[in-house]
Each structure stands twice: as C-alpha cells, then as structure tokens.
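>>> Sequence below, structure please.
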Amino acid sequence: MAGAADLHRSVKNSDPISMNSSHSDEIHRNGNAKGFKIFVGYDPREDIAYEVCRYSLLKRASIPIEIFPIKQSELRELGVYWRERGKLESTEFSFSRFLTPYLANYEGWAMFMDCDFLYLDDIKKLVDLIDERCAIMCVQHDYTPKETTKMDGVVQTVYPRKNWSSMVLYNCGHPKNRSLTPELVNKETGAFLHRFQWLDDDEIGEIPFVWNFLVGHNRVVEGDESTFPKAIHYTLGGPWFKEWKDCEFGDLWLSELEEFQKGD
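Below you'll find the predicted structure:
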C-alpha cells in the first residue's frame, strides 16, 4: 500500500493507487488510460458498503473510471484534514467530501458519492449529462426525513438541501470551486458546505433523481421508466446493518454482495 505522501501525489496526478489495503484502485477497461475520477466517502463501519458500491460501478462502466475512497485517517496523516468530529456528523466523510476538487487537482470533472450507493446503470450515462456551464451538478432533493435515527442508531438531522451533497459532479476547475481548499473545508460550517453557499444558485445544475434514488423517499411508478432507479442510495441504512437487512431494495444489494464475494 502506498504511503500517505505517495497516495496524495498519485491521486493528484491521476495515477491509479491503492487507498484500500485489499484492493488497488482500478482503471476500467482501457489499459493505462486516465479515467473519470470518482471519490467515494469511506467509513470503517461501512467497509462492505464501499466494496459493493465500488464493484457495482466497475461492473457496469463502459468508460475508464478511477475510484478513490476518501479515508479520514489518511487525510489527517497527509495534514489536509484536521477538524474535530462534531456530534452531528453521522459518517467520517461528512466534511472531507468537499475536498473532492482539491484531490482532483482542480482539473476536469470528478464525482463524489457516499459509500451507501448501489449502481444499477452505466456511469457513462451520468457523465453524458454534464453541463460545462455549471460549477456542480446534483440531484436536488426535496427531502425531509421522518425518522429520528438512521444507519446504526446515529441521530438523523434535518436541514435545507439535505442529501444534495451525497452525490455531486464537480467541475473541479471552476473558479468558485477553487475556494474549496483544505483551510476552508476544515473551518467552515456544515450549513455553508452542505448547502453549497460558495456558489450562486444558477451555478448548481440538476440531475434526474434516479441517479440518487433515496430508499424510503423516492418511488418507482409502474410503467414509467423515467422513475426506475439507476443508482440506489440507502441513506437511512442498508442491509449491511442488521437493523436494515429487510429494507426496500435490500435484495438487490445482497445479490450484488454475493456476486462480489464470489469474485473476490
């Protein structure tokens, strides 16, 4: 496994490296070609969720992709993340996610996504939706959870633009996104970051909800293919937690897990 300094240099230079001791980062289906960068939030409690998410992306991608887990421990070792964890942070990547443009060297487009996703379609179809006029693009959910807890008992919080930051396409070279330095990410409030307050509203592009389909909130309409999920987001908790083993679409995740383990 690469050391922390090598790790940072490799990500910045788009050199595929390992940010996971058991699996190297992969460039999919195209030899040494540089791929579309995908940064996935990583939390040790949800390691298997990350692995299945990663597997589902690679399995269906028809373009070169590079996948990098954002691990808080490694970012701290690198000296680019130092803020103390707040009581309302449900995962280790609650704030480190906003380092995506920095980790991509402020070049091109890159995506951040939570680890509790299951991709059901080709990531190329999402990349094809990119609008170069935008600073970021995301699913603009109108979502107010009814539950008071999620995942393995962590407190559920309610705030404007909730879940918008759970899957974001970043135009990393956009002048506004260059403000997302380690210094800013380590000091700004959750409200500022999760509501994208460094941007004007017209700089935030919209993606169809099926690319961030919230289990328990979004609904499939029979016969309407535009409502069929392309990426399922188990935002309240997935079947890797015993409390959520019977959740909606849990069978799809368990099937993907079984396939992943057979090929491991």
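>>> all strands for the stretch 101-250 of the chain, in order.
Applying DSSP state E, counting those that start in this stretch to the stretch 101-250 of the chain gives strands spanning 109-113, 117-119, 136-138, 149-150, 154-155, 167-171, 204-206, 213-214, 231-233.
>>> taking the mean pLDDT, what do you get for the last one?
Throughout strand 231-233, pLDDT has a mean value of 98.
>>> In its sheet, which strands sit next to that strand, and in what direction?
strand 117-119 (antiparallel), strand 213-214 (parallel) (DSSP bridges).
>>> from the chain's centre, how far out does the first one sit?
In this view, strand 117-119 has its centroid 10 Å away from the chain centroid, taken as C-alpha atoms, centre = their mean, to the nearest Å.
>>> And for that strand, what's in contact with it?
52-53, 56-57, 59-60, 167, 212, 230-234, 249, 252-253, 256 (C-beta atoms under 8 Å, 6 or more residues apart in numbering). Yep, even glycine has a C-beta here, placed from its N, CA and C like the rest.
>>> in that strand, what counts as buried?
117-119 (16 or more other C-beta atoms under 10 Å).
>>> and residue 105, how many neighbours does it have?
15 (other C-beta atoms under 10 Å).
>>> thought it was touching residue 177?
No: at 11.7 Å, residue 105 does not count as touching residue 177 under the criterion of C-beta atoms under 8 Å.
>>> What score does the closest residue to residue 232 other than its chain neighbours have for pLDDT?
Leaving out its chain neighbours, the residue that sits closest to residue 232 by C-beta to C-beta, 6 or more residues apart in numbering is residue 118, at 4.6 Å. Confidence at residue 118, expressed as pLDDT, is 98.
>>> and the gap between residue 118 and residue 171?
Separation of residue 118 from residue 171 (C-beta to C-beta, to the nearest Å): 26 Å.
>>> Ok, residue 210 next?
Taking C-beta to C-beta as the measure, residue 210 falls 22 Å from residue 171.
>>> show me what contacts the nearest residue to residue 63 once chain neighbours are set aside?
Among residues not flanking residue 63 along the chain, residue 124 sits closest, at 4.6 Å (C-beta to C-beta, 6+ apart). Contacts of residue 124 were listed using C-beta under 8 Å, 6+ apart, and they are 61-63.
>>> what does residue 245 give?
Contacts of residue 245 (C-beta under 8 Å, 6+ apart): residue 239.
>>> still on that earlier bit, closest to residue 97 out of the strands paired with strand 231-233?
strand 117-119 (13.1 Å; C-beta to C-beta).
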